[in-house]
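# Need a 3D model of the following:
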Amino acid sequence: MQRLNKSITHAVDRPVKVMQFGEGNFLRAFVDYIFDVTNEKTDFNGGVVIVKPIEFGTLDRFHDQECQYTLQLRGFENGQPKEITRQITSVVDAVAAIEDYDKFMEYGTSETLRFIVSNTTEAGIVFDETDDFNACPPKTYPGKLTKLLFERYKKFNGAADKGLILLPCELIADNGIELKKCIMQFIDLWKLDDGFKAWVNDNCSFCPTLVDRIVPGYPRDEAEELCKEWGYEDQLIDRAETFGLWVVESDSNLPLEQLEKELPFKEAGLNVVFTKDHHPYKERKVRILNGSHTSFVLASFLAGNDLVEQSMKDSTIRQYMEETLYDEVIPTLSLSKDDCETFAKAVIDRFLNPFVKHQLLSISLNSVSKWEARCMPSFLGYVDKFGKLPKYLTFSIAALMSFYTSQTEVENNGGICLQGDRDGEKYFIQDDRAVLDFFKENSGKSPAEFTHAYLSNTKFFGGNDLSKVAGLEDAITAYITDIRARGMRAVVTDLVNNK
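Residues are numbered from 1 along each chain as shown. Below is the predicted model:
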């Protein structure tokens with residue numbers, strides 16, 4: 001069987017407009033897909049060069065297939081399963097920054113380059129004062145970028161129109177702002193000239209972004225059959241859900257209208273939002289998508305479910321989740337009700353996706369800090385707005401405490417965790433050591449003592465003492481007492497039926 005290549009995909013030669021740091025499944029299923037559709041439906045006409053920024057790994061599979069690969073998007077929309085299979089041709093080359101430094105720099109200083117995209121993980125955007133400008137390349141991602149921009153500045157004699165637009169996709173707050181901070185620190189550390197610093201500051205745009213797509217990646221168990229069906233070999237098959245959202249914030253150097261014109265994603269019909277402030281969209285995602293996960297999965301697990309999709313087909317749990325979203329979370333958000341409800345509907349479709357086997361225990365990891373970041377703002381916002389406790393978000397605290405109840409410490413994959421019990425079935429409770437120590441010491445106490453110890457532990461709630469919220473201790477104590485007596489399924493059933 002022939003390996004996938006440009007003769008099969010009929011790829012068009014395009015000038016490189018985009019440099020992408022990272023060759024992983026997410027960027028290929030998200031960014032490269034977006035540029036691929038944009039090439040097809042607009043006059044953008046831009047190719048992507050992938051950069052492998054670290055020593056680990058190889059680009060052999062990319063070179064063997066001339067950077068062509070097949071992407072399958074599979075999801076659940078408007079009550080029906082949906083599948084899209086597409087050959088991605090937007091990637092024109094792949095280069096290793098370390099092993100092929102000269103070629104990397106050649107692309108970085110090319111006439112046509114305009115955009116840099118990255119997903120170097122949350123640990124990638126860091127300033128390391130031990131990094132060396134004279135290394136080829138420097139070791140950190142911001143260090144590499146600083147040197148690339150310096151070489152570009154020199155080649156084009158500081159021409160204003162040769163500045164770049166940077167679109168970091170790393171999952172950290174204000175990723176574009178943080179990336180620029182690191183580069184400015186490297187410019188100072190390495191004593192690069194003031195003209196270059198001014199060029200970066202005035203002619204390069206660092207756009208904070210928010211990305212949202214679940215990407216399971218390479219379908220190892222099905223790849224052979226898929227290749228037989230398609231009639232070619234593909235070692236780079238990628239899979240993702242159909243839903244995808246990219247929110248891109250313009251910066252002071254780049255008017256919103258110009259950003260939309262240079263990146264004609266909306267013209268291509270893609271779900272991309274250009275905005276002057278991405279924070280409301282981040283708030284919406286964190287509190288609706290991530291917050292709903294954190295608020296219902298622990299109760300659902302203890303009620304007998306193992307998967308998100310299974311939970312959504314459980315009428316009791318689904319009612320719990322939907323009423324949490326529509327009655328308690330959305331009323332506290334800053335975006336319009338219609339906008340938030342449209343997003344919530346998409347979230348429910350995503351939870352029903354039969355192609356993503358999302359384990360509840362996987363989502364349960366580090367639930368204490370997740371509740372603080374994802375649920376507490378909605379909880380406190382509801383109390384402040386309505387002057388009473390939100391039923392489901394309040395109950396989610398009791399569900400979390402019940403899930404974490406254990407005095408049994410065990411080893412799992414070389415680490416220490418607690419061992420919970422679901423009707424005789426053992427499960428692992430994984431979190432930071434200080435969190436596990438707290439529950440080991442306190443979860444065996446009476447419901448009232450356990451509740452007070454947890455709610456008054458300000459380390460778990462960003463400095464807030466939730467024991468001071470009127471009526472909360474009594475409500476949580478009553479829920480935990482009931483759960484211990486009758487089990488999670490019975491208590492949740494009564495909760496949604498207002499008993």
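
# ok, for residue 145, nearest residue in space, not its chain neighbours?
The shortest distance from residue 145 to any non-neighbouring residue, by Cβ to Cβ, 6 or more residues apart in numbering, is to residue 183 (6.2 Å). Where you see a C-beta, it was placed from the backbone N, CA and C, and this is true even at glycine.

# so how many other residues sit close to the one you found?
23 (other Cβ atoms under 10 Å).

# hey, where'd the strands end up in the stretch 101-250 of the chain?
Per DSSP state E, counting those that start in this stretch, the stretch 101-250 of the chain carries strands over the ranges 115-118, 165-168, 205-206, 209-212, 238-240, 245-249.

# show me what contacts the residue nearest to residue 145?
Residues counted as contacts of residue 183 (Cβ atoms under 8 Å, 6 or more residues apart in numbering) are 142, 145-146, 149, 200.

# For those residues, pick the one with the most neighbours.
Neighbour counts for the contacts of residue 183 (other Cβ under 10 Å) peak at residue 145, which has 30 neighbours.

# show me what contacts that one?
Residue 145 neighbours (Cβ under 8 Å, 6+ apart): 21, 116, 166, 179, 183.

# how far away is the last one from residue 165?
This means residue 183. Remark: distance between residue 183 and residue 165 (Cβ to Cβ, to the nearest Å) = 14 Å.

# ditto for the first one
The gap separating residue 21 from residue 165 is 14 Å, by Cβ to Cβ.

# Kindly export stretch 92-100 (C-alpha atoms) in PDB.
Taking only C-alpha atoms (Å, rounded to 0.1, in the frame of the first residue of the first chain), the coordinates of stretch 92-100 have been written out as PDB:
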ATOM      1  CA  VAL A  92       4.500  22.200   3.800                       C
ATOM      2  CA  ASP A  93       7.500  21.200   5.800                       C
ATOM      3  CA  ALA A  94       8.800  20.100   9.200                       C
ATOM      4  CA  VAL A  95      12.100  21.100  10.600                       C
ATOM      5  CA  ALA A  96      14.000  20.400  13.900                       C
ATOM      6  CA  ALA A  97      15.200  23.600  15.500                       C
ATOM      7  CA  ILE A  98      18.200  21.900  17.100                       C
ATOM      8  CA  GLU A  99      19.300  19.300  14.500                       C
ATOM      9  CA  ASP A 100      18.600  21.600  11.500                       C
END
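
# related to what we said a few turns ago, tell me the one among the contacts of residue 145 nearest to residue 327.
When the contacts of residue 145 are compared for distance to residue 327 (Cβ to Cβ), residue 179 wins out at 38.5 Å.

# Could you tell me how many residues sit around residue 397?
The local packing of residue 397 (other Cβ under 10 Å) involves 24 other residues.

# so where does it fall, helix or strand?
Per DSSP states H and E: residue 397 is located in helix 391-403.

# on contacts alone, who are the packing partners of that helix?
Applying 3 or more Cβ pairs under 8 Å, 6 or more residues apart in numbering; DSSP states H and E, we find helix 391-403 packed against helix 291-302, helix 315-323, helix 367-370, helix 376-386, helix 447-455, helix 472-486, helix 488-496.

# can you do 6 Å?
helix 291-302, helix 472-486 (3 or more Cβ pairs under 6 Å, 6 or more residues apart in numbering; DSSP states H and E).

# Tell me how this protein divides into domains.
When the chain is parsed with automatic domain parsing, its domains come out as 6-275, 279-496.

# Roughly how far does the closest residue to residue 422 other than its chain neighbours sit from residue 395?
Nearest-residue entry for residue 422: residue 302, 5.9 Å, with adjacent residues in sequence omitted and distances by Cβ to Cβ, 6+ apart. Between residue 302 and residue 395 the distance, using Cβ to Cβ, works out to 12 Å.

# again, but for residue 126
Relative to residue 395, residue 126 is positioned 39 Å away (Cβ to Cβ).

# and those two? which has more neighbours close in?
residue 395 (24 against 15).

# Run a quick neighbour tally on residue 265.
Neighbours of residue 265 using other Cβ under 10 Å come to 21.

# residues in contact with it?
Applying Cβ atoms under 6 Å, 6 or more residues apart in numbering, one finds that residue 265 lies in contact with 38, 272.

# what secondary structure does residue 38 sit in?
Secondary structure assignment for residue 38 (DSSP: H, G, I helix; E, B strand; the rest coil): helix.

# That one contacts residue 266, correct?
No: counting by Cβ atoms under 6 Å, residue 38 does not reach residue 266; the two are 9.9 Å apart.

# overlap in contacts of those two?
Shared contacts of residue 38 and residue 266, counting by Cβ under 6 Å, 6+ apart, come down to nothing at all.

# Tell me how many other residues crowd residue 384.
By the measure other Cβ under 10 Å, the count of residues near residue 384 is 9.

# What distance do you get for it to residue 395?
Distance from residue 384 to residue 395, counting by Cβ to Cβ: 19 Å.

# closest to residue 312 among the contacts of residue 183?
Here the nearest of the contacts of residue 183 to residue 312, counting by Cβ to Cβ, is residue 142; it sits at 40.9 Å.

# what's the spacing between the nearest residue to the closest one once chain neighbours are set aside and residue 173?
Spatial nearest neighbour of residue 142, excluding adjacent residues (Cβ to Cβ, 6+ apart): residue 182 at 3.6 Å. Separation of residue 182 from residue 173 (Cβ to Cβ): 14 Å.

# higher neighbour count, those two?
For residue 182 against residue 173, the residue with the higher neighbour count under other Cβ under 10 Å is residue 182, and the figures read 21 against 9.

# Tell me the confidence at the more buried one?
Residue 182 carries a pLDDT value of 97.

# so where is the protein shaky, pLDDT-wise?
For the chain, residues meeting the criterion pLDDT under 70 lie at 122.

# circling back to that earlier point, need the contacts of residue 183 in JSON lines with distance to residue 51, can you?
As requested, the contacts of residue 183 are arranged in JSON lines below (distance: Cβ to Cβ, whole Å):
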{"residue": "142", "distance to residue 51": "14"}
{"residue": "145", "distance to residue 51": "10"}
{"residue": "146", "distance to residue 51": "15"}
{"residue": "149", "distance to residue 51": "14"}
{"residue": "200", "distance to residue 51": "19"}
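
# quick check, nearest of those to residue 135?
Comparing these against residue 135 with Cβ to Cβ places residue 146 closest, at 11.6 Å.

# Count the neighbours of the residue lying closest to the closest one once chain neighbours are set aside for me.
Counting by Cβ to Cβ, 6+ apart, residue 186 is the residue found nearest to residue 146 once chain neighbours are left out, at 4.2 Å. Residue 186 is flanked by 25 other residues according to other Cβ under 10 Å.

# doesn't residue 148 make contact with residue 186?
No: between residue 186 and residue 148 there is no contact under Cβ under 6 Å: 11.4 Å.

# Hmm, residue 214 and residue 30 touching each other?
No: Residue 30 is not in contact with residue 214 according to Cβ under 6 Å; the separation is 10.2 Å.

# do you know how far the nearest residue to residue 293 once chain neighbours are set aside is from residue 231?
Beyond its immediate neighbours in the sequence, the residue positioned closest to residue 293 (Cβ to Cβ, 6+ apart) is residue 363, lying 5.3 Å away. Residue 363 sits at a distance of 38 Å from residue 231 (criterion: Cβ to Cβ).
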